[in-house]
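**Student:** Sequence and predicted structure below; questions after.
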Amino acid sequence: MKILIFALENTYEPMVPLLEEEGHEVRLLSKCNKIPLLLGTSEGKAYVSQQITEFAPDLVINAVPSIVLPTSSDYTYLGNTTASARLETHKWETREKAAELGWSLPTVLEECDMTAMSTYDRTVYLKPKGLNPWNQAWKIAPGTTYNAEFPSGTPAYVEESVDYEVEAFCFFTVSNGSYSITRMIGCSGYGHDKTMLSGSDWRIGKGDLTHFELTEAQQAAWLPKCTAWLDYIVTLGGNYEGSIEGLINSSSEVYWMEQNSRPSTYNNGSIPGTIQDWLDSLTTDPSKSVNPNYFMDL
């Protein structure tokens, strides 16, 4: 089978040799003329279409939420729907939905243009409101802004920092109208340490990350929130791996951070059994998928 995969760098590279060992012909795309596909530019979309025409795949696996393809009679398509992709690319909408489903939310300090946020005497987080080239949160140090770094006309909002005990992650797979939670972990030193100066490979300091199992109390608070969220998002369709990120404070209150509608980068975790299990997890049975562990050995 000819398989075309497009994803972020350091995501599906470990899968390629496993697929090839099973006799599949694989083409993995992560950049378009040195432009990361994550940006969802018109050039990137045209590049993906060109590669599909040139390679003529039997199976297309799309792990880039900013590029959503229609289904085709020429190949099997596994990826986000427009609605499930928006869970990552439109953070304001997703934040509001999380509140409807019972998640606590960080306080919004202001709604602004990304070139005009106020200066604060404490650490805050700047987030774009809709689809944009960054699609991420920015940690803003006290007394600073990045107003000069962005083009004008990008709606955004600024969130208060949450006093939390643990960052929590829920890795999942959605496919064939159902979902499976593949891993829940706690972490410190992860996404909330990102700054404008970190560069594209901001995980360069991954040696400072600490991963651990959630306590029983943390898991008891975390799991119901994740289940309620997954019960909702599975109705939006799609065949993809993703993750939910939140914060749990000392009172076991759970705060919403974000959803990634794509697999984790540095996706070098193991898969159960064979590579066919992984393919099946994205096609028919999400319980066959196991998520990566960010270089950790638990």
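**Tutor:** Right, received. Where do you want to start? Numbering: from 1, shown residues only.
**Student:** end-to-end on stretch 257-276?
**Tutor:** In stretch 257-276, first residue to last residue: 33 Å (Cα to Cα, to the nearest Å).
**Student:** and that stretch, average pLDDT?
**Tutor:** On average, the pLDDT along stretch 257-276 is 74.
**Student:** next one: stretch 244-253
**Tutor:** Averaging pLDDT along stretch 244-253 yields 95.
**Student:** Check stretch 136-154 too.
**Tutor:** Stretch 136-154 shows a mean pLDDT of 88.
**Student:** my guess is A56 contacts K2, does it?
**Tutor:** Yes: with contact defined as Cβ atoms under 8 Å, A56 counts as touching K2 (6.7 Å). For glycine as for every other residue, the C-beta is placed from the backbone atoms N, C-alpha and C.
**Student:** and those two? which has more neighbours close in?
**Tutor:** The residue with more neighbours, out of A56 and K2, is K2; 14 against 11, by other Cβ atoms under 10 Å.
**Student:** measure that one to S281 for me?
**Tutor:** According to Cβ to Cβ, to the nearest Å, K2 and S281 sit 20 Å apart.
**Student:** cool, L126 as well?
**Tutor:** 35 Å.
**Student:** Residue nearest the middle of this protein, spatially speaking?
**Tutor:** Computing the C-alpha centroid of the chain and ranking residues by Cα atoms, centre = their mean puts N260 first, at 2.1 Å.
**Student:** so that residue makes contact with G242?
**Tutor:** Yes: at 5.3 Å, N260 and G242 qualify as touching, with contact defined as Cβ under 8 Å.
**Student:** hang on, the earlier thing: pull the contacting residues for the residue nearest to the centre of the chain.
**Tutor:** The contact partners of N260, taken as Cβ atoms under 8 Å, 6 or more residues apart in numbering, are P65, E88, G242, S243, E245.
**Student:** from these, which ones fall inside strands?
**Tutor:** Counting by DSSP state E, the part of the contacts of N260 found in strands is G242, S243, E245.
**Student:** ok, and the most crowded of these?
**Tutor:** Among these, the one with the most neighbours (other Cβ under 10 Å) is G242, at 26 neighbours.
**Student:** bridging residues for that one?
**Tutor:** Note on G242: beta-bridge partners by DSSP bridges are F172.
**Student:** Just give the nearest non-adjacent residue to N33, would you?
**Tutor:** Among residues not flanking N33 along the chain, E43 sits closest, at 6.7 Å (Cβ to Cβ, 6 or more residues apart in numbering).
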